[in-house]
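Colleague: predicted structure and sequence below. I'll ask about it afterward.
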Amino acid sequence: MIDRLELLLALARERHFGRAAESCGVSQQTLSAALKQLEERMGALLVQRGSRFQGFTPEGECVLGWARRIVGDARAMQQELRSFREELSGHLRLAIVPTALPRIGALTGPFMARHPAVRFTVHSATSIEILARLRNLEIDAGITYLDNEPLGRVASLPLYEERYCLLVAPGGALAERESVSWAEAASLPLCLLTPDMQNRRIVDQHLGGGRPPPPPAIESNSVLLLLQQVRAGICASIMPSAFAEAAGPPGSVRCIPINDPVVVQRIGLVVPQRDAMLPSVAALLRLAKTLASEDAFNKDSLLTHPSA
């Protein structure tokens, strides 16, 4: 039964019969047979079939919701049983908004020191993708924005506050300023993240002052590309202050706080909200709570070295 529900979740994730079968290491015929057996067991048609996947029936959507809970609990049970026999182990899958990537070492480093048998896979993803992947059990936890947009059925833990700065090449416009306003930043040619990123939507809101902001000269979903454009003196950018350290060698980029007004956004850890939690996720949550109370995620060089 659990195996069939796993296949149903794979179909919900891939939205394609062939890809769902491949991701589970079975043939498409095996997938189809398992889905038909599940439908017979449930006494209802779950999948709308045609020459290709067409979606789930209302009954299928209902079963899908239960499948997420049942499979999630089964995985937690299996990992907890293993923890009785051996040290905490397994595979933790995280998805993180790009602007939080400079902070992830503050969590993964201490965790791996305590639990060396646990390995990580870390994906960069939009806030919307993170919540969808959590819901479909594709990831175990995410680090994302806690405000502005609904989180849905997750448990959240605030980690730190994101503040913004203007990144410019030395000698560029406003490079000698100690702080700037959002209006001044909007007057420059900017390179920004793409609009599917929540960071970009936050930045646009303040750049425009309630009106649509001017379009950026360059937009990309790669933070690395944006930093390269700034270092080359092609554009300025607006980034969280955490990128003061990630921007490059000292003196290669000026990071100027945007203080008119000061904008603060909470970044936090999100995990599925359920009674039975994976032991590795529970351990991650406990450690993150301790580190957040020690302010371990908020060590900004920008706050003490504004000309870095």
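Modeller: Okay, I see it. Residues are numbered from 1 along each chain as shown.
Colleague: which phi and psi values does residue 218 adopt?
Modeller: Torsion angles at residue 218 (phi, psi; degrees, to the nearest 10) stand at phi -140, psi 140.
Colleague: try residue 119
Modeller: According to degrees, to the nearest 10, residue 119 has phi -110, psi 150.
Colleague: show me what contacts the nearest residue to it once chain neighbours are set aside?
Modeller: Leaving aside its sequence neighbours, residue 119 sits nearest to residue 91 (Cβ to Cβ, 6 or more residues apart in numbering; 5.6 Å). Where C-beta positions appear, they are placed from N, C-alpha and C, glycine not excepted. For residue 91, the contact set (Cβ atoms under 8 Å, 6 or more residues apart in numbering) comprises 118-121.
Colleague: out of these, who's nearest residue 25?
Modeller: Comparing the contacts of residue 91 against residue 25 with Cβ to Cβ places residue 121 closest, at 17.8 Å.
Colleague: and that closest one, what pLDDT?
Modeller: With respect to pLDDT, residue 121 scores 95.
Colleague: list the contacts of it.
Modeller: With Cβ under 8 Å, 6+ apart as the criterion, the residues that contact residue 121 are 91-94.
Colleague: that one in helix, strand or coil?
Modeller: With DSSP: H, G, I helix; E, B strand; the rest coil as the basis, residue 121 sits in strand.
Colleague: identify the spatial nearest neighbour of residue 13, chain neighbours not counted.
Modeller: Excluding its sequence neighbours, the residue lying closest to residue 13 (Cβ to Cβ, 6+ apart) is residue 136, at 5.0 Å.
Colleague: what does residue 127 give?
Modeller: residue 198 (4.2 Å).
Colleague: for residue 271, same thing?
Modeller: Nearest residue to residue 271, sequence neighbours excluded (Cβ to Cβ, 6+ apart): residue 141, at 4.8 Å.
Colleague: that neighbour reaches residue 281, doesn't it?
Modeller: Yes. Checked against Cβ atoms under 8 Å, the pair residue 141 and residue 281 is within contact range at 5.8 Å.
Colleague: distance from the chain centre to the helix or strand that contains residue 60, please.
Modeller: If you go by DSSP states H and E, residue 60 is part of helix 58-85. Its chain's C-alpha centre and that of helix 58-85 lie 22 Å apart, by Cα atoms, centre = their mean, to the nearest Å.
Colleague: tell me the angle of the very next helix or strand once past it relative to helix 58-85?
Modeller: From helix 58-85 onward toward the C-terminus, using DSSP H and E, the following helix or strand is strand 90-96. For strand 90-96 against helix 58-85, the angle by axes from the mean of the first three to the mean of the last three Cα atoms, to 10 degrees is 130 degrees.
Colleague: ok, and for strand 90-96, which residues are buried?
Modeller: For strand 90-96, the neighbour count (16 or more other Cβ atoms under 10 Å) marks 90, 92-96 as buried.
Colleague: dihedrals phi and psi, the residue nearest to residue 13?
Modeller: Dihedral angles for residue 136 - degrees, to the nearest 10 - are phi -90, psi 10.
Colleague: so it sits against residue 68, correct?
Modeller: Yes. Residue 136 lies in contact with residue 68 (Cβ under 8 Å); the separation is 7.1 Å.
Colleague: check contacts around residue 95.
Modeller: By Cβ under 8 Å, 6+ apart, residue 95 lies in contact with 122-125, 129-130, 133-134, 139, 142-143.
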